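Enquirer: One predicted model, sequence on top.
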Amino acid sequence: MEPSAGRPQHGEDPAERPEQGESPGRRQQHGESAAADQQHDERPRGLRLRLESFARRFSPTGLVLALTCYCISMTPSLIPRGWLFQGLLTGLSMIAGYAAGAFLGWATRRLGFHARWDAGTTRTLWFVLAGLTAVLVPWFLVLASRWQGDLRALFGIEATPESHVMLVVLLGVGLALVLLLVARGLRWCSRRAGDLLGRWVPARVARLVGAVAVTVVAVLLVNGTLINGAMTALKNISAATDAGTPDGAVEPTSPLRSGSPESVVDWDDLGFQGRGFVSSGPSVEQIADFAAGGDVVAADDVVEPIRVYAGLQSAEDIDAVAALVVDELDRTDAWDREILVVATTTGTGWVDPSMSQTLEYMHGGDTAIAAMQYSYLPSWVSFLSDRDTPPAAGKALYEAVYDAWLEQPEDSRPFLVAYGLSLGSFGAQGAFSGLQDMTERTQGALFVGTPSFTPNWAYFTKNRDAGSLEYSPVYEGGRQVRFGTEPGSGADVWDIPGTWEEPRVVYLQHASDAVIWWSLDVLWREPDWVSEPGPDRLEMTWVPVVTFWQVTFDMFVAGNVPQGHGHSYHLAYSDGLAALGAPEGWDDADTARLKELMSGVPDES
């Protein structure tokens, strides 16, 4: 007998059995429609489950600290920040906070201190965190916009559109998530490696070895491939740039310039910055026009300035390059000039035109500047890849010039000054073991925007007189070393009571110059300058790691601000050079007149 039409066959699901009287075609259509509806319902449900699973993997403590670091990253630092740098800073701060919180949560669980909440309490705490996030994220965006506006007003910079604040959130959160996924990927790899090793060794040993192995591979991959590849690319780009010539620079015809037909240094060997240095500067007519406005130097006494330079390709090593500079000083009769400045360059071989021009206008062109190239890499790359070369180059150049200077008749030697800016200041001070050495082998020293890792600067600052501030230290009552910190000038180097003995050492620095204050110590230790009331800074709050990232990003844009702030010292040279060794009869009115002239000269820093 056939099975009854109203009763399901053995193994048949009644829910899937068609109704009586239904045709085979309609039965098929009914089945396809039901399957489609079921698939349509399962898609959002599966996505929701995956999102919930992803969300449950977040560490609550990590999220709390990530939100905290987000808020702190918005606080002002030394330099106004655009949306790009603020977004990168926020993302790095958030992932650092999350990592610290996740580690703290893991440690408390391992130690048995982890609180166990019931489901209702856990749900409430998650809602509280969500509510705080909804309030704090936009609130600190508004505060950040206000703080950055105040800082821009202090610097004289135009405000940015408020719409940029949303880009900060998108970039910051996106960067933090990418870094978190990378970290989770590495953790997954270490677990898989541990599972594989667990077949032969105990589980704990296998997990430890797996984690170490993945960490080593990751470090080798980043350092050996990414970093080395980036450094190689930077070196290739820098080498190609060094082979070029600045716009408007032409081979000099004057015998008083290196690279001229009479020079012992070929024009092609000077490098990009060297060619720019020897082919620029004020003309005799321009210097005479300035001299005519005062009574210090007669216009008829103005002479053409001497600029000598040797490039990295001019000789086989640093000592040989320095010897070529001395040969150029001999050839140009630079020993008969009123003042001779030995300038240690920045990483690319750059000499600040603001210093050169200020010096030449002040002394009526009766000047000589000696410099050489020791690298073609940007200063920050030189610092990361080779911190030994700048002081070695500074020492080689200064000692070569100094030895030749000693051979000149004592009553006719030029006034000898050691000078350096930024990495060049670090390099220039490599020629001196301390203050006594400086005052015995120079007649003046000018160091501008000095990095904190410079030993002499660090010693004077650390051993400053009680009561003086770190950003504006007083060392031994200002007897020989003084710090000019007034925005836009170094005039306050005279404000310390007492006699300023010669030879004088002048440091020019701004409270807002991140190049000075950047240090790895800022990661874990609060420096004094953070809480000091700098004249061109807003109040800062030190937080481990976050403040370090703030100063790091500030350092990259410290030179892209108006003069008198950050790493821009365009007008400060007038005060600094006047304090060291101005011509006889020079006074404050002449300094003001020179500043007015230089204010119309483009700042090329």
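Expert: Good, I have the coordinates. Residues are numbered from 1 along each chain as shown.

Enquirer: What separation is there between the spatially closest residue to G105 that is not a sequence neighbour and L67?
Expert: What sits nearest to G105 in space, not counting adjacent residues and going by CB to CB, 6 or more residues apart in numbering, is T61, at 4.0 Å. For the C-beta atoms, the positions are set from N, CA and C on the backbone; glycine is no exception. Remark: distance between T61 and L67 (CB to CB, to the nearest Å) = 11 Å.

Enquirer: Repeat that for I157.
Expert: In terms of CB to CB, I157 sits 30 Å off from L67.

Enquirer: The two: who's more crowded?
Expert: Set side by side, I157 and L67 show more neighbours around L67, with 20 against 17, by other CB atoms under 10 Å.

Enquirer: dump the residue contacts of the more buried one.
Expert: M94, G97, L129, L132, T133, L136, V137 (CB atoms under 8 Å, 6 or more residues apart in numbering).

Enquirer: Of these, which belong to helices?
Expert: Counted as lying in helices by DSSP state H, out of the contacts of L67, are M94, G97, L129, L132, T133, L136, V137.

Enquirer: Let me know the closest of these to G281.
Expert: M94 (48.7 Å; CB to CB).

Enquirer: V561: neighbour count?
Expert: So V561, with other CB under 10 Å, has 23 neighbours.

Enquirer: same check, this time on R110
Expert: Other residues close to R110 by other CB under 10 Å number 9.

Enquirer: Just read off the phi/psi values of it.
Expert: The phi and psi values for R110, taken as degrees, to the nearest 10, are phi -60, psi -30.

Enquirer: how far away is it from A203?
Expert: The spacing between R110 and A203, counted by CB to CB, is 16 Å.

Enquirer: got it, and V128?
Expert: From V128 over to A203 (counting by CB to CB), the distance is 38 Å.

Enquirer: where does Y507 fall, helix, sheet strand or coil?
Expert: Following DSSP: H, G, I helix; E, B strand; the rest coil, Y507 is assigned to strand.

Enquirer: Find the nearest non-adjacent residue to it, please.
Expert: That would be F483: by CB to CB, 6+ apart, it lies 4.7 Å from Y507.

Enquirer: mind checking the SS state of that neighbour?
Expert: Note that with three-state DSSP, the state of F483 is strand.

Enquirer: And the strands in the stretch 251-400 of the chain?
Expert: Assigned by DSSP state E, counting those that start in this stretch, the stretch 251-400 of the chain shows strands spanning 306-310, 339-344, 367-372.

Enquirer: Now the one helix or strand the residue nearest to G105 maps to - C-alpha only, CSV.
Expert: T61 belongs to helix 60-73 when assigned by DSSP states H and E. Written as CSV, here are the backbone C-alpha positions of helix 60-73 (Å, rounded to 0.1, in the frame of the first residue of the first chain):
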residue,chain,number,x,y,z
PRO,A,60,37.6,47.2,28.7
THR,A,61,40.6,48.6,30.6
GLY,A,62,42.4,49.2,27.3
LEU,A,63,39.4,51.1,25.9
VAL,A,64,39.2,53.3,29.0
LEU,A,65,42.9,54.2,28.7
ALA,A,66,42.6,54.7,24.9
LEU,A,67,39.8,57.2,25.5
THR,A,68,41.9,58.9,28.2
CYS,A,69,44.9,59.1,25.8
TYR,A,70,42.6,60.4,23.1
CYS,A,71,41.6,63.3,25.3
ILE,A,72,45.1,64.1,26.4
SER,A,73,46.5,64.0,22.8
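
Enquirer: State the mean pLDDT of it.
Expert: Average pLDDT, helix 60-73: 93.

Enquirer: Any regions of this protein where pLDDT drops low?
Expert: 1-55, 114-115, 161-163, 220, 222-228, 231, 384-385, 487-492, 605 (pLDDT under 70).

Enquirer: Export the ones in helices among the contacts of L67 to a markdown table and append columns for neighbour count.
Expert: Listed next are these as a markdown table, based on neighbours: other CB atoms under 10 Å:
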| residue | neighbour count |
| --- | --- |
| M94 | 27 |
| G97 | 27 |
| L129 | 14 |
| L132 | 14 |
| T133 | 15 |
| L136 | 16 |
| V137 | 16 |
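
Enquirer: Closest one of the residues you listed to V543?
Expert: G97 (9.6 Å).

Enquirer: Grab the nearest non-local neighbour of the closest one.
Expert: Nearest one to G97, counting by CB to CB, 6+ apart, is C69 at 3.2 Å.

Enquirer: neighbours of that neighbour, just the number please.
Expert: 25.

Enquirer: do the same with D603
Expert: By other CB under 10 Å, neighbour count at D603 equals 16.

Enquirer: again with S412
Expert: Neighbours of S412 (other CB under 10 Å): 8.

Enquirer: That one and D336 touch, don't they?
Expert: Yes. S412 lies in contact with D336 (CB atoms under 8 Å); the separation is 6.9 Å.

Enquirer: correct me, but Y309 touches L270?
Expert: Yes. Applying CB under 8 Å as the test, Y309 and L270 come out as touching, 6.0 Å apart.

Enquirer: Give me the common contacts of these two.
Expert: Common neighbours of Y309 and L270 (criterion: CB under 8 Å, 6+ apart): S258, G259, F277, V278, Q373.

Enquirer: List the backbone torsions phi and psi for the second one.
Expert: Which is G259. The phi/psi pair for G259 (degrees, to the nearest 10) is phi 90, psi -10.

Enquirer: Thank you kindly, that will do.
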